[in-house]
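Enquirer: I would like the atomic coordinates for the input below:
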Amino acid sequence: MKKLFCFGLGFSAMALARHCLDKGWTVAGTTRSADRCASLRDEGIDAVAFDADGETDGVEPALEGTTHLVDSIPPSASMICPPLDRLATPISQLEDLEWVGYFSTTGVYGNHDGGWVDETTPVQPSLDRSIRRVAAEEAWLVMHERYGLPVHLFRLAGIYGPGRGVLEQVRKGRARRIVKPGQVFSRIHVDDIAAVLLASISRPNPGAAYNVCDDEAEEPAKVVAYACELLGVSPPEPVPFDDADLSDMARSFYADNKRVRNERIKKELGVVLRYPGYREGMVADLSES
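Expert: The predicted model follows:
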């Protein structure tokens, strides 16, 4: 019997979890909310509460029998990798483990002024949160090297899907058309994330890193305009980046500018993206809403 355990049953991990449930797997994992634990159990998921600063007694029994493990919990200012900081020993002792996936970010490559990066590009993070991601990647690779854990790194681009992304921002009146000439972002639909993970599970290559993004890096203002077109609303007025009243967090997203290659997921894993660009993904999401 295959068993998936997800540290962090969030948007992306749940896409994989539901696929595994459909395949007849046992699925377990963590969430921070007791109420969410109850709703996940209603879906057939053995969910347990896990607060990085709290008790872990309920997590260790839920880990037993895990064959496939996902870590989607981001680093915090106080903890680089909560699952490993709190539970490295029981994780290292999982006897049936066949595959591990760590959800990282393309932010580990830093800024390349619109140039291309791939998995051979040295990591050079420019933001504190990306520096912590590199440290978390390294922590998982230590588990691979020291204990033989079958660790794979997945560097995710900007995630969108039903109920999450620019379409939802436009619906709620929160979208802004910030213009910074030459600035592009890569994206990935949540369904394609699940497809990449399932392909890796079928073709494990411990120690490997994969960029998980679509084929079309694009300027964010153009993406907002297309979402407005789909929804039949007027796009917000363009605002030059230098004049935009952005929070420090929002402004930091514009510090990195790069195009991310995804050939490895195609050539090594045989992935055919369902949504190779944001237009295809948005049209599909609109049809589901």
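
Enquirer: drop to CA atoms for contacts and neighbour counts, all remaining ones
Expert: Will do.

Enquirer: quick one, strands of the chain?
Expert: Using DSSP state E, the strands of the chain run over 3-7, 26-31, 46-49, 68-71, 99-105, 116-117, 151-156, 158-160, 177-179, 187-189, 209-212, 238-240, 259-260.

Enquirer: low-confidence bits of the stretch 51-200 of the chain, can you list those?
Expert: By pLDDT under 70, the weakly predicted segments of the stretch 51-200 of the chain are 52-55.

Enquirer: can I get the strands of the chain in CSV with mean neighbour count?
Expert: Formatted as CSV, those follow (neighbours: other CA atoms under 10 Å):
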stretch, mean neighbour count
strand 3-7, 24
strand 26-31, 24
strand 46-49, 24
strand 68-71, 22
strand 99-105, 23
strand 116-117, 16
strand 151-156, 23
strand 158-160, 19
strand 177-179, 20
strand 187-189, 25
strand 209-212, 25
strand 238-240, 13
strand 259-260, 24
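
Enquirer: helices of the stretch 51-200 of the chain, start to end?
Expert: Per DSSP state H, counting those that start in this stretch, the stretch 51-200 of the chain carries helices over the ranges 59-63, 82-92, 128-147, 166-171, 190-202.

Enquirer: among the strands of the chain, which comes closest to residue 279?
Expert: Residue 279 lies closest to strand 187-189 among the strands of the chain, at 10.8 Å (CA to CA).

Enquirer: could you say what helices and strands the closest one packs with?
Expert: Where contact means 3 or more CA pairs under 8 Å, 6 or more residues apart in numbering; DSSP states H and E, strand 187-189 is packed against strand 158-160, helix 278-288.

Enquirer: and these, which is most packed in?
Expert: strand 158-160 (a mean of 19; mean count of other CA atoms under 10 Å).

Enquirer: which one of the helices of the stretch 51-200 of the chain lies nearest to residue 287?
Expert: Residue 287 lies closest to helix 166-171 among the helices of the stretch 51-200 of the chain, at 11.7 Å (CA to CA).

Enquirer: okay, the strands of the chain in TSV with distance to residue 129 next?
Expert: Formatted as TSV, the strands of the chain follow (distance: least, CA to CA, whole Å):
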stretch	distance to residue 129
strand 3-7	19
strand 26-31	21
strand 46-49	24
strand 68-71	16
strand 99-105	10
strand 116-117	19
strand 151-156	14
strand 158-160	15
strand 177-179	23
strand 187-189	18
strand 209-212	18
strand 238-240	25
strand 259-260	19
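
Enquirer: so which of the ones you listed gets nearest residue 170?
Expert: Judged by CA to CA, the one of those that comes nearest to residue 170 is strand 177-179, at 10.4 Å.

Enquirer: packing partners for the closest one?
Expert: Using 3+ CA pairs under 8 Å, 6+ apart, the elements in contact with strand 177-179 are helix 220-231, strand 238-240.

Enquirer: ranking these by burial, who's on top?
Expert: helix 220-231 (a mean of 18).

Enquirer: what angle do it and helix 278-288 make?
Expert: Interaxial angle of helix 220-231 relative to helix 278-288 (axes from the mean of the first three to the mean of the last three CA atoms, to 10 degrees): 30 degrees.
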